[in-house]
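Peer 1: Build me a model:
(2 chains)
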Amino acid sequence: MAAKIISSDNLQTWIDKLTATCEVYAPSQGKEVSLFKQVKEGDKPALNILTDIPPKGLIFKQVEKILSYRKNEDGIEIKQAEIEPGRKVIFGIRPCDARSFTLTDKVFVHSDMPETHYAKRRQQTALITLACNDACRTCFCTSVGGSPAEKVGDVWMMDLGGRYLVEALTPVGEEIIRANDDLFSKSSPEDEAESLRIAERVASKMPVLEIASAKLLDELFTNEEFWIRLSEKCLSCGACTFLCPTCYCFDVRDQGNANSGDRYRGWDSCMFYQYNRAAGGHNPREQHWKRMRQRMLHKFSYFVTQYGDIDCVGCGRCIRSCPVSYDLRDFLATSAVAVAGVDMDFVGELPSEGQPRTCDIK
Amino acid sequence: MNKLEEQIQEKAIELLEKGEVSAVIGWGQGWNPTKATPLFARDRKTAEKLIFNPFCFNNLSVYLPRLNEKVAILTKPCEARSIVALLAEGKINRENIYIIGLACQGIVDIGKLEAAIGSINEATEARLEADSVVVEIDGEAKKAAFADVVLDNCLSCNQQDKTYCDVMIGEPAQVPTGKARLIVPEDADATWWRTFWAKEFDRCIRCYACREACPACYCRDNCAVQSLRERWVGPRLDAKEALMFHALRAMHVAGRCIECGACERACPMDIPLTLLHRQVGDAVRRLFNFNVGEKADIRPPLEFFLKEELEKSGR
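Peer 2: Numbers count the residues shown, from 1 in each chain, chains lettered A, B, ... in the order given. Below is the predicted model of the structure:
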C-alpha cells in the first residue's frame, strides 16, 4: 500500500474512531511521570514526547497471574489465567519502543518454547509508530541498529508539520488504514522527499557511538578492574532495568498455601542480589559489579551472539532515570577503549552538540 | 571553576598524593548540567574533575558502608549527619574516613525546577546567577527564583556552622527561604493520609531505588522485603503491597533517617517519600527527644529499650 497523508485534525478523528473498535493506548503526560495510557474518545494524546515509562508493560505485564491452584477431592485443580480478550492499538509509539518488541519477540515468540501470554498479547496488539521529529540529548538509537524514522510496527507515521505521512507496513496495518480510508489522502513524491530530509536531520543530531564487538566485549569478562571501576558509583537498584524497554527478565512467585493459591510472574532485575541467588545460598554474582557486568554483557554481547542484534534500542531512559546519573554511553566509550587494551579514564566529557561522546586515554 | 571547587580539588589532590586516602568521593559533571554524578577520584586527573554546585544532589555517604579502604568524602553540612548516624550505629570506621565539609548555599530540587521551567532533559547549561537558577534549553535561558526551586530541606537548614567534619571548605552561606514542594493540609487525618499514599504508591514500580540511595538502608542484599523465606511483601503490584514495603522501610529507618530526601530524588516515579520519613521522624523526636545525626556516641532510640520504658508500657 502506498504512503498516504492525514491532516492533524483527521488524525484526532482517526484516534477517536479507533477507540470505538479497540482499546487504544497512547502517550500521556501525567503530573509526575509520562506513560502510555488508554485513551477514550476525545482524549488528545501527548504525541510530542518520549514517555518516561516505556510501553513494554502493555504486552509484557510487570506482574500477572499465570495460574491458580486448588486442592479438592479429586486432587489438585489447576486453572490457567486467561488473557484479557479484545484488540489493542498502541498509538504514537516511538520507533525505539516498537523495535524493542521485535527484539523481545526473538526470545518470547520465535523460540522453541513461546511465552504464551506475551505472544498472544503481541498478536492482538497493533503498533502505530510515530517517527521522531527531534532527538533528545540522551537518544542514541542510530548507534544500536535503529533510526529515528525506522519503519517498524504495523503502521508508520511521520509528522510533516500539520500533516502526517502514513504507511502501512503489515496486513494488519493495511486493514487499520482501510477501515478509515476516507480520512486519508494521496501522498506526493515531495512528501516522501520531505520525510527523508527530516529523518536525515534527526539522525544527524545523534552522535554515532563506537561499540565494541560482541566477541571483544565477552573477552572483557575477566577484566575485573574494569568492571569494578565501571560500577563504583552504581547503587544496584532496578530503575534502569524496569524502565528499559528491552529488559525482559522475570521471576515466578506463588502466593497461597498448601490448599489453594495463585502463581504470579513478574519482572525481575539482574541488578538485584536475589536475582542470582541459588538454592542452598550460593550467589555467583554476589558483588554488584558482577551484576552490572551481566547487564551490560547481556545487552551488548550475549544477546548479539544468540540473536544477532544488540538488546538496547538507545532510548536513553536508563540514563534519564538513574539515581546517580550513570550514563550507559560511558560504558560504551570506556569498553570500546578497554577492548583495545589501553588504560582508560572513567570520566567521560559532556559532549558538545553533534560531537561524539569520548573518554580520555591516559 | 569557582573558588570552592578550586579548594576542593586542591585538598583532594593533597590527600591522594600524600597517600592518606585511596579515593576521594565527590561529585563530577553528569550527562546533564542539572545532574551532577558521584565521582570516585583516585588520581590527580580525576580529582581535577571534582565539582560542587547546587546540582550536586546525591547523598554520598551511601557509599561508606560498602567500602573497606580509607577514603575522603565530600559532604554537605546536612548530609554529614548521615555519617554521624552511621558511626553511631557502628556501620563505618571513623579512622577510615576523612570528612571534608562543604559550605553549601542550597541544592536545587529537580522536581520543583521542572515544575517551574519544564523538562530539563535538553538543558545545555545550568548555573546560579544571583538569586536565580538559569538553565539554557535550546538556546533560550530559562530562569527560576532559587528560593522557589531549592530542596525543602534547605528551607530549614541550620547546619552550616556545626558541620561534622575534619576540615571545612568555604564560608557558611545564606540559604534561601521559600515554599515547600507539597503542603499538607493542617487537618490531615489518617483518612487523608491513607488516600494520599494509596494514590502515590499506586505508581511504585518496586525498583528499590529509594532503598539503594538511602545511607540508612545498609541491609542492601538482605532486605526483608526481598527475603526469599519470610514473605513480607506479596507478588502483586499494587498500592497495598507498595505501602507494605514503604511502611516497612520507614519503620526500619525510624530514628536513623536524617530526612535528606535521597530516596525521593532517586525515585523514577517521583513519589514524595520525604513526607513519609518526616512524619515518622517527627514521631521519633516527640517520643524520644532524639535528633538523629547529632552525636556519634549515642545509639538510635529504636535500637534498644530501657527497663523503665518496659515498665511504663505496662507489659
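Peer 1: Which residue ranges of the stretch 201-350 of chain A form helices?
Peer 2: All helices of the stretch 201-350 of chain A, identified by DSSP state H, counting those that start in this stretch, fall at A:214-219, A:224-230, A:239-242, A:273-276, A:288-297, A:303-307, A:317-321, A:328-338.
Peer 1: Now render these as TSV, adding distance to chain B and mean pLDDT.
Peer 2: Glycine gets a C-beta too; all of them are placed from N, C-alpha and C. Below are the helices of the stretch 201-350 of chain A laid out as TSV (distance: least, C-beta to the nearest C-beta, whole Å; pLDDT from 0 to 100):
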stretch	distance to chain B	mean pLDDT
helix A:214-219	22	94
helix A:224-230	8	94
helix A:239-242	4	97
helix A:273-276	3	89
helix A:288-297	9	96
helix A:303-307	22	96
helix A:317-321	4	96
helix A:328-338	8	93
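Peer 1: Nearest to residue A:52, out of those?
Peer 2: Across the helices of the stretch 201-350 of chain A, the minimum distance to residue A:52, taken as C-beta to C-beta, is reached by helix A:317-321, at 7.2 Å.
Peer 1: Is the nearest residue to residue B:74 once chain neighbours are set aside in a helix, a strand, or coil?
Peer 2: The shortest distance from residue B:74 to any non-neighbouring residue, by C-beta to C-beta, 6 or more residues apart in numbering or on different chains, is to residue B:26 (4.1 Å). Under DSSP: H, G, I helix; E, B strand; the rest coil, the three-state class of residue B:26 is strand.
Peer 1: who are the neighbours in contact with the residue in the stretch 1-150 of chain B that chain A sits nearest to?
Peer 2: Residue nearest to chain A within the stretch 1-150 of chain B (C-beta to the nearest C-beta): residue B:30, separated by 3.6 Å. If you count contacts by C-beta atoms under 8 Å, 6 or more residues apart in numbering or on different chains, residue B:30 has them with A:325, A:327, B:36-37.
Peer 1: would JSON lines of the residues you listed with distance to residue A:73 and pLDDT be doable?
Peer 2: Putting these into JSON lines (distance: C-beta to C-beta, whole Å; pLDDT from 0 to 100) gives the following:
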{"residue": "A:325", "distance to residue A:73": "60", "pLDDT": "95"}
{"residue": "A:327", "distance to residue A:73": "60", "pLDDT": "96"}
{"residue": "B:36", "distance to residue A:73": "65", "pLDDT": "96"}
{"residue": "B:37", "distance to residue A:73": "62", "pLDDT": "97"}
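Peer 1: Closest one of those residues to residue A:247?
Peer 2: Nearest member of the contacts of residue B:30 to residue A:247, counting by C-beta to C-beta, is residue A:327, at 17.4 Å.
Peer 1: which non-adjacent residue is nearest the closest one?
Peer 2: Of all residues not flanking residue A:327 in the chain, residue B:31 sits nearest, at 4.5 Å (C-beta to C-beta, 6+ apart).
Peer 1: in which helix or strand would I find that neighbour?
Peer 2: strand B:23-32 (DSSP states H and E).
Peer 1: Just to check, the residue nearest to residue B:74 is in contact with residue B:42?
Peer 2: No - contact between residue B:26 and residue B:42 fails when scored by C-beta atoms under 8 Å: they sit 11.6 Å apart.
Peer 1: what about those two, which has more around it?
Peer 2: residue B:26 (29 against 17; other C-beta atoms under 10 Å in any protein chain shown).
Peer 1: Quickly list what that one is bridged to.
Peer 2: Partner residues in beta bridges with residue B:26, using DSSP bridges, are residue B:39.
Peer 1: quick one on the thing from earlier: can you verify my assumption that the residue nearest to residue A:327 contacts residue A:318?
Peer 2: No - contact criterion C-beta under 8 Å: residue B:31 and residue A:318 do not qualify, at 10.9 Å.
Peer 1: Could you list the domains of the chain?
Peer 2: Using chain A here. A:4-205, A:214-338 (automatic domain parsing).
Peer 1: you looked at the wrong chain, it should be chain B
Peer 2: Under the assignment automatic domain parsing, the domains of chain B span B:1-106+B:156-179, B:182-315.
Peer 1: Now for the contacts of residue B:30: which two are most distant?
Peer 2: So for the contacts of residue B:30, where distance means C-beta to C-beta, the most widely separated pair is A:327 and B:36, at 12.3 Å.
Peer 1: how close does residue A:141 sit to chain B?
Peer 2: Per C-beta to the nearest C-beta, to the nearest Å, residue A:141 is found 16 Å from chain B.
Peer 1: need the contact list for that residue.
Peer 2: Contacts of residue A:141 (C-beta under 8 Å, 6+ apart): A:95-96, A:99, A:147-148, A:150, A:206, A:313-315.
Peer 1: which of those residues tops the neighbour count?
Peer 2: Among the contacts of residue A:141, residue A:313 has the most neighbours (other C-beta under 10 Å), with 30 neighbours.
Peer 1: Spatially nearest residue to it (excluding sequence neighbours)?
Peer 2: Spatial nearest neighbour of residue A:313, chain neighbours left out: residue A:96 (4.0 Å); criterion: C-beta to C-beta, 6+ apart.
Peer 1: just residue A:226 next, same as before
Peer 2: residue A:338 (5.2 Å).
Peer 1: Quick check: which ranges of the stretch 151-300 of chain B have low pLDDT?
Peer 2: B:159, B:228-230 (pLDDT under 70).
Peer 1: So for residue 104, what's the nearest residue that isn't a sequence neighbour?
Peer 2: I went with chain A, as the question did not name one. What sits nearest to residue A:104 in space, not counting adjacent residues and going by C-beta to C-beta, 6+ apart, is residue A:248, at 5.1 Å.
Peer 1: I was after chain B.
Peer 2: Nearest non-adjacent residue to residue B:104, counting by C-beta to C-beta, 6+ apart: residue B:76, 4.5 Å away.
Peer 1: What does the residue nearest to residue A:104 show for phi and psi?
Peer 2: Note on residue A:248: its backbone torsions stand at phi -130, psi 10 [degrees, to the nearest 10].
Peer 1: Ok, residue A:234 next?
Peer 2: As for residue A:234, its main-chain torsions (degrees, to the nearest 10) stand at phi -70, psi 140.
Peer 1: how much space between it and chain B?
Peer 2: Per C-beta to the nearest C-beta, residue A:234 is found 9 Å from chain B.
Peer 1: Who are the contact partners of that residue?
Peer 2: Shown in contact with residue A:234 (C-beta under 8 Å, 6+ apart): A:271, A:288-289, A:292, A:324, A:326.
Peer 1: let's see it at 10 Å
Peer 2: By C-beta atoms under 10 Å, 6 or more residues apart in numbering or on different chains, residue A:234 lies in contact with A:240, A:271, A:288-289, A:291-292, A:295, A:322-324, A:326, B:38, B:212.
Peer 1: Residue B:188 too?
Peer 2: By C-beta under 10 Å, 6+ apart, residue B:188 lies in contact with B:195-196, B:279.
Peer 1: State the number of residues packed around residue 241.
Peer 2: In the absence of a named chain, chain A is used. Look at residue A:241: counted by other C-beta under 10 Å, it has 21 neighbours.
Peer 1: To clarify, I was referring to chain B.
Peer 2: Residue B:241 is flanked by 19 other residues according to other C-beta under 10 Å.
Peer 1: Surely it touches residue A:253?
Peer 2: No - contact criterion C-beta atoms under 10 Å: residue B:241 and residue A:253 do not qualify, at 11.6 Å.
Peer 1: Find residues that contact each of the two.
Peer 2: With contacts defined as C-beta under 10 Å, 6+ apart, the residues adjacent to both residue B:241 and residue A:253 are A:63, B:234-235.
Peer 1: Sitting in strands, which of the residues you listed do you find?
Peer 2: By the criterion of DSSP state E, membership of the shared contacts of residue B:241 and residue A:253 in strands covers residue A:63.
Peer 1: Quick one: buried ones out of the shared contacts of residue B:241 and residue A:253?
Peer 2: Buried members of the shared contacts of residue B:241 and residue A:253, scored by 16 or more other C-beta atoms under 10 Å in any protein chain shown, are A:63, B:235.
Peer 1: Brilliant, that's me finished.
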